[in-house]
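J.: predicted model, plus sequence, below.
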Amino acid sequence: MSRRHQRILAYTIRHLYLYKRSLPRLMEILYWPVLDLLVWGFVTVYLSRQEGAVPGFVTFFIGALILWDLLFRSQQGISVSFLEDVWSRNLLNIFVSPLSATEYILSLLFLSTIKLVLTATVMVTLAWLLYAFNIFALGFTLVPLVLNLIVMGWAIGILTTSLILRFGQEAEVLAWGVALLFQPVSAVFYPVEVLPWFLRAIANYIPAAHVFEGMRFVLNTGQFPAREVAAAAALNIVYIALSVFFFYWNFKVVRRKGLLAKVGE
Amino acid sequence: MSAIVEVRGLTKVFNRQKKAVDGISFEMREGEILGLIGPNGAGKTTTLQMLLGLTTPTSGEIRVFGLDINIRREEILRQVNFSSSYISLPYSLTVEENLTVFSRLYGVSDRKERIRELLTVFEIIDIKDTPTRRLSSGQITRVCLCKALLNRPRVLFLDEPTASLDPDMADKTRSLLKKIKEEEGLSILYTSHNMKEMEEMCDRVIFMDKGRIIAAGDPGSILREFGGRTLEEVFIKIARPGK
Ligand SMILES: Nc1ncnc2c1ncn2[C@@H]1O[C@H](COP(=O)(O)OP(=O)(O)OP(=O)(O)O)[C@@H](O)[C@H]1O
Ligand SMILES: [Mg+2]
């Protein structure tokens, strides 16, 4: 293993150790997603039994629920891991070690992937057991849809991490709030067309909106939503590049302002 | 003895107005303990942070092992380390887990033995399986010192490392650092407000005030220059120039 790989692995292990003993942290991965699925899943089942319900309502809703959670967890996987080091006053130890900023980001992405696999496995299994919802009914389309959500989550995660690095503890709430800010325009539980025109205009630039449109398209028609997938991917490439650039730029500013040692104070 | 750290005209201006470090030059020789002393706000921590690449200098030059920290960051950081009483380690990890993570980060090959060795030397082997959150601040300080020695650094930067240690442990830590310095040729840049400690520890001290170096040399020559019996006397003389 090269030195670089070893460092990335080391920093990932630092976070995996957390889950060995900490029940609250394990719950962060499992508890909320499972609760979401239970409450909203049963609401959906109930609503679908009413007269005049949208056909396939349960499928749309539960599918959307799981997918949105993946985006949210993917973002959290990045920003909360960063906060762990802020909280435990460990950030300086990390930044005086030979781990580079790039290795740092790569290792956060790797970690977020591991957490996502866990969350996804639990949610998918539970949805299948409780609601006979089979996410794999989305077929191969699931792969590009999920990938796009994860990458959008990463972009938001890196963005919030940069802001916390720069503005300190006061910006911490962003770690929980920013992804939700995108939810209304992501058309998670309803089609984009129900949005007023100005939100629709914004939704055009939100990768998740294209993903969820794509999900409804494939569930309705059984065809691959090529246009939506392409639009989401193109936007994501731009956003992830911008967020990484923003992170590096911030890192530079923070070092110039001498704030690296002061994050969390 | 050759220079292992070289600093030329180092300046840091914060927010275009606050001159925290004002054109200082000094060098650190291989195998010496160099003390950085001075009143609060003199610029000691800022200097240390620039040497570690945590803060970018406004101007001036820093060379560690003859290399530029901005260009050869990884290579330099692999061979140095840092500790301070103001940092800590992940609370939920045990002492041993924390040290394992850092030995991996630094690519220490014999990590099990190295960790055991350091824990024994710092007399904390019995708490190796204790989560860091349950340690006293003095114990955390010692674990941080273990962390700082894991990679057998050539240069160690210590910012007030003994601030939270009891007199007995502070004394032991000083002896230990001196011993490691003798045995392994380690160079240490050290800040502390404990003047007795500085007299005892340092081969040379640099006296900083308002971002500038106002005196430098071995403790004896500084005492002679400023006409004091102890560094503490000299410190107070310099810090209260009116008297
Ligand atoms: N990030 C920063 N932004 C603005 N000013 C700063 C910053 N960091 C330090 N300063 C200022 O620079 C000066 C030097 O601070 P520094 O922390 O280097 O002092 P010090 O010698 O370590 O003091 P102490 O003995 O109290 O630890 C102080 O006036 C401080 O207020
Ligand atoms: Mg200081």
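T.: Right, received. Where do you want to start? None of these values were measured; they are calculated from a predicted model. Numbering: from 1, shown residues only, chains lettered A, B, ... in the order given. Ligands and ions are numbered 1, 2, ... in the order given.

J.: which sections of chain B are below the confidence cut-off?
T.: B:1, B:242-243 (pLDDT under 70).

J.: confidence score at the residue lying farthest from the centre of chain A?
T.: Within chain A, the residue lying farthest from the chain centre (CA atoms, centre = their mean) is A:Glu51, at 35.0 Å. We have a pLDDT of 74 for A:Glu51.

J.: list the contacts for it?
T.: By CB atoms under 8 Å, 6 or more residues apart in numbering or on different chains, the contact set of A:Glu51 is empty. No exception for glycine: its C-beta is placed from N, CA and C like everyone else's.

J.: residues of chain B that sit close to chain A?
T.: The interface of chain B toward chain A, taken as CB under 8 Å from any CB of the partner chain, is made up of B:12, B:14-15, B:20, B:45-46, B:49, B:52-56, B:73-74, B:77-78, B:80-82, B:84, B:86-93, B:97, B:100-102, B:104-107, B:131-132, B:144, B:147.

J.: for the residue of chain A found nearest chain B, what are phi and psi?
T.: Relative to chain B, the nearest point of chain A is A:Ala10 (3.3 Å; CB to the nearest CB). With angles defined as degrees, to the nearest 10, A:Ala10 sits at phi -60, psi -40.

J.: scan chain B for its longest helix.
T.: helix B:167-184 (DSSP state H).

J.: which elements pack onto it?
T.: Secondary-structure packing of helix B:167-184 (3 or more CB pairs under 8 Å, 6 or more residues apart in numbering or on different chains; DSSP states H and E): strand B:33-37, helix B:137-149, strand B:187-191, helix B:195-201.

J.: show me what the least confident helix or strand in chain A by mean pLDDT is packed against.
T.: Across the helices and strands of chain A, mean pLDDT, DSSP states H and E gives its lowest value to helix A:23-48, namely a mean of 82. Secondary-structure packing of helix A:23-48 (3+ CB pairs under 8 Å, 6+ apart): helix A:3-21, helix A:57-87, helix A:101-131.

J.: give me the angle between the shortest one and helix A:101-131.
T.: For the pair helix A:3-21 and helix A:101-131, the angle between their directions (axes from the mean of the first three to the mean of the last three CA atoms, to 10 degrees) equals 40 degrees.

J.: tell me the residues of chain B that contact ligand 1?
T.: B:14-15, B:18, B:20, B:38, B:40-46 (CB under 6 Å from any ligand atom).

J.: between those residues, which sits nearest A:Leu111?
T.: Closest approach to A:Leu111 among these (CB to CB): B:Thr45, at 31.0 Å.

J.: not including adjacent chain positions, what is the nearest residue to that closest one?
T.: Spatial nearest neighbour of B:Thr45, excluding adjacent residues (CB to CB, 6 or more residues apart in numbering or on different chains): B:Asp159 at 5.8 Å.

J.: just the element for the residue nearest the centre of chain B, please.
T.: What sits nearest the mean C-alpha location of chain B, by CA atoms, centre = their mean, is B:Leu158, with 1.7 Å. Per DSSP states H and E, B:Leu158 falls inside strand B:155-159.

J.: returning to that earlier point: what is the neighbour count of the residue of chain A closest to chain B?
T.: 21 (other CB atoms under 10 Å in any protein chain shown).

J.: please spell out which residues along stretch A:213-225 are buried.
T.: For stretch A:213-225, the neighbour count (16 or more other CB atoms under 10 Å in any protein chain shown) marks A:213-219, A:225 as buried.

J.: among those, which lie within helices?
T.: Among the buried residues of stretch A:213-225, the residues falling in helices (DSSP H) are A:213-219.

J.: is B:Phe207 located within a strand, as I assumed?
T.: Yes: counting by DSSP: H, G, I helix; E, B strand; the rest coil, B:Phe207 falls inside a strand.

J.: what residues does it make contact with?
T.: Neighbouring residues of B:Phe207 by CB under 8 Å, 6+ apart: B:37-38, B:213-216, B:222, B:234-235, B:238.
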